[in-house]
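Q: Whatever this is, show me its structure:
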Amino acid sequence: MQFDLKITDPKSKARAGVITTDHGTIETPIFMPVGTVATVKGVHQSELKDEVNPDIILGNTYHLYLRPQTSILEQAGGLHKFMNWDRNILTDSGGYQVYSLSGRRKINEEGVKFKSHIDGSTHFFTPENVMEIQRSIGADIIMAFDECTPYPCDYSYAKQSMHMTHRWLKRCVNHLEKVPPKYGYNQTLFPIVQGSTYTDLRKQSAEFIASVEAEGNAIGGLSVGEPAEEMYAMTEVVTAILPEDKPRYLMGVGTPINILENIALGVDMFDCVMPTRNARNGMLFTAHGSINIKNKKWENDFSPIDEMDITYVDTMYSKAYLRHLFASREMLGKQIASIHNLGFYLWLVREARKHIIAGDFATWKDKMVKQMDKRL
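A: Below is the predicted model of the structure:
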């Protein structure tokens with residue numbers, strides 16, 4: 001993988017760059033639609049490509065390991081071929097899913113024992129077998145195995161967990177060298193900074209992660225319930241330490257406003273289930289604020305879903321029609337809303353890139369944050 005940093009905004013830390021992998025280029029900053037189980041929920045691959053048009057999507061190691069299982073993915077030739085996606089894929093390590101299974105897992109130095117949410121069967125993740133699983137999945141960018149601590153988190157536990165994540169990283173790096181890629185293209189490992197919301201721990205973790213000299217780095221353990229101000233504070237601490245010539249990925253973030261604020265702090269890559277999850281519940285994101293399309297006020301509003309015409313659905317269908325689909329519980333409503341929200345997120349990061357290059361990102365960002373922080 002190669003990262004070319006093109007320009008940094010003069011009034012913030014926002015960056016525009018290009019990541020190049022064997023599956024193509026990724027212009028940053030970038031939002032990665034979440035395709036947890038080999039599908040971005042409710043969106044056909046053709047519409048994902050043609051309308052949302054992301055350079056990269058995300059898959060989930062935990063879920064793909066359990067179903068369809070790595071043996072099926074290997075028979076298919078990897079996740080790209082299995083889901084008919086010829087662009088970039090990133091897989092997370094399963095650490096966040098293990099964190100979310102707090103009542104169904106046990107963590108020790110060796111790894112994590114957990115019970116499947118599907119059938120209750122018992123499984124064990126270690127840094128070594130998670131590397132092997134991600135080799136079988138075949139994503140272009142893969143994550144080191146880590147522990148994602150909850151919020152709030154006791155300082156002593158956060159410190160203990162952080163050091164264990166660092167030890168796990170060494171095991172990931174060592175084992176990955178022994179297990180070559182399976183499908184004829186390269187894979188790149190990103191380590192993950194942890195440390196909860198403690199400044200000294202975040203500094204220690206960022207310094208350790210930077211010392212590994214990986215080709216890219218991730219920031220984990222945020223967007224887990226902490227106030228946005230704490231997220232931004234921790235991100236600022238970490239981006240000041242992580243190398244400038246490597247891409248920075250803030251995992252699981254977030255709202256459109258979160259994304260713009262973290263771009264301003266020097267983050268390059270984002271993912272979140274919010275655009276599709278909110279879409280399925282009738283919540284639409286726009287440049288002028290959010291819309292609950294289920295509200296009666298849209299019942300006879302025949303204007304386009306979004307007059308900015310970000311994707312074809314925005315001008316093809318009216319707000320009244322989309323509200324009708326939700327009221328009728330038609331699947332098409334969720335699909336249209338999902339395409340719109342994903343399209344909006346990709347539009348937002350691409351507009352951010354344009355303004356970084358133009359040199360007026362900070363002014364544009366402040367204006368957009370005010371506009372988007374409204375309910376229409």
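
Q: Might you report the residue contacts of the residue lying closest to residue 295 once chain neighbours are set aside?
A: Nearest residue to residue 295, sequence neighbours excluded (Cβ to Cβ, 6 or more residues apart in numbering): residue 323, at 7.7 Å. C-betas here are computed from N, CA, C, even on glycine. Residues near residue 323 by Cβ atoms under 8 Å, 6 or more residues apart in numbering: 293, 294, 295, 298, 299, 301.

Q: Quick one, grab the pLDDT at residue 323.
A: If you check residue 323, the pLDDT there is 98.

Q: Next: residue 266.
A: 98.

Q: ok, residue 39 to residue 143 distance?
A: Noted for residue 39: a distance of 20 Å to residue 143, by Cβ to Cβ, to the nearest Å.

Q: packing partners for the host helix or strand of residue 65?
A: Assigned by DSSP states H and E, residue 65 falls within helix 61-66. Secondary-structure packing of helix 61-66 (3 or more Cβ pairs under 8 Å, 6 or more residues apart in numbering; DSSP states H and E): strand 88-92, helix 95-100, strand 122-125, helix 127-137.

Q: Highest mean neighbour count out of the ones you listed?
A: strand 88-92 (a mean of 27; mean count of other Cβ atoms under 10 Å).

Q: Which other helices and strands does it contact?
A: strand 56-60, helix 61-66, helix 79-83, strand 141-143.

Q: And stretch 37-52, end to end?
A: The straight-line separation of the ends of stretch 37-52 (Cα to Cα, to the nearest Å) is 19 Å.

Q: got the buried residues for it?
A: 38, 39, 40, 41, 42, 43, 45, 47, 48, 51, 52 (16 or more other Cβ atoms under 10 Å).

Q: swap in stretch 305-325?
A: Quick answer for stretch 305-325 (16+ other Cβ under 10 Å): 305-306, 310-311, 313-314, 317-319, 321-325.

Q: what does stretch 5-15 give?
A: 9, 12, 13, 14, 15.

Q: What's the end-to-end length of that stretch?
A: 7 Å.

Q: just how off-centre is stretch 43-51 within its chain?
A: Between the centre of stretch 43-51 and the centre of its chain there are 18 Å (Cα atoms, centre = their mean, to the nearest Å).

Q: ugh, wrong one, stretch 358-369
A: That offset, for stretch 358-369, works out to 23 Å (Cα atoms, centre = their mean).

Q: For this structure, which residue occupies the most central location?
A: residue 271 (1.8 Å; Cα atoms, centre = their mean).

Q: Among the buried residues of stretch 5-15, which one lies nearest to residue 203?
A: Nearest to residue 203 among those is residue 13, at 16.8 Å by Cβ to Cβ.

Q: So in this protein, which helix runs the longest?
A: Longest helix of the chain, by residue count under DSSP state H: helix 331-358.

Q: List the buried residues for that one?
A: For helix 331-358, the buried set under the neighbour-count rule, 16+ other Cβ under 10 Å, comprises 333-349, 351-353, 355-356.

Q: swap in stretch 233-247?
A: Buried residues in stretch 233-247, counting neighbours by 16+ other Cβ under 10 Å, are found at 233, 234, 235, 236, 237, 238, 239, 241, 242, 246, 247.

Q: closest to residue 182 among those?
A: Using Cβ to Cβ, the shortest approach to residue 182 within the buried residues of stretch 233-247 belongs to residue 247, at 23.9 Å.

Q: From residue 25, how far off is the closest one?
A: 12 Å.

Q: Common neighbours of those two, please.
A: Both residue 247 and residue 25 are in contact with residue 19, where contact means Cβ under 8 Å, 6+ apart.
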